[in-house]
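J.: Sequence below, structure please.
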Amino acid sequence: MSRAIRFHLDENVDPAVAAGLRRHGIDVTTSQQARLLAASDPTQLAYARDAGRVLVTHDGDHLRLHALGERHAGIAYCYQGKLHLGGLITALVLLFEVYDPAEMADRVEYL
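T.: As a prediction, the model looks like this:
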């Protein structure tokens, strides 16, 4: 397994965040790329888990799935509008630099 976190951005996260992460050399996919637009929250979380990617979301329903014991590769949650795009990218780069995939497994990071 890779020692670097990889991210998956759900459809509620601005695609500019993916572009910003890629400029930092970070592996990131989006729901649009994965053909998951309008997919259910459990489907989104399962996709990210199976791909070994931390799910980046503004959707609090993913927190409920975590609380119910749903396994995942990690959730990076940011309340919609709390951070501007640059702030969100900076927070995710920090996660990338601090944690490895094993440390993020089944963990929620509030940004």
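J.: can we go C-alpha only for contacts and neighbour counts from here?
T.: Noted.
J.: now the host helix or strand of Thr90: mean pLDDT?
T.: Per DSSP states H and E: Thr90 is located in helix 85-98. Helix 85-98 comes out with an average pLDDT of 97.
J.: Need the three-state assignment for the closest residue to Gln32 other than its chain neighbours.
T.: Nearest residue to Gln32, sequence neighbours excluded (CA to CA, 6 or more residues apart in numbering): Glu11, at 6.9 Å. Assigned by DSSP: H, G, I helix; E, B strand; the rest coil, the conformation of Glu11 is coil.
J.: looking at it, Val108 is touching Cys78, isn't it?
T.: No. The criterion here is CA atoms under 8 Å, and Val108 misses it with Cys78 at 10.4 Å.
J.: got the phi/psi numbers for the residue nearest to Gln32?
T.: Dihedral pair for Glu11: phi -70, psi -10, per degrees, to the nearest 10.
J.: Also Arg64?
T.: According to degrees, to the nearest 10, Arg64 has phi -60, psi -40.
J.: so the closest residue to Tyr99 other than its chain neighbours is in which element?
T.: Nearest residue to Tyr99, sequence neighbours excluded (CA to CA, 6+ apart): Ile5, at 7.2 Å. In the assignment (DSSP H and E), Ile5 maps to no helix and no strand.
J.: For the helix holding Thr90, list every residue counted as buried.
T.: Leu85, Leu88, Ile89, Thr90, Ala91, Leu92, Val93, Leu95, Phe96 (16 or more other CA atoms under 10 Å).
J.: confidence score at the residue nearest to Tyr99?
T.: On the pLDDT scale, Ile5 gets 97.
J.: contacting residues for it?
T.: Listed by CA atoms under 8 Å, 6 or more residues apart in numbering, the contact set of Ile5 reads Asp27, Arg53, Val54, Phe96, Tyr99, Asp100, Pro101.
J.: again, but for Leu111
T.: Going by CA under 8 Å, 6+ apart, Leu111 touches Ala76, Tyr77, Cys78, Tyr79, Leu88, Ala91.
J.: ok, now with 7 Å
T.: Counting by CA atoms under 7 Å, 6 or more residues apart in numbering, Leu111 makes contact with Ala76, Tyr77, Cys78, Ala91.
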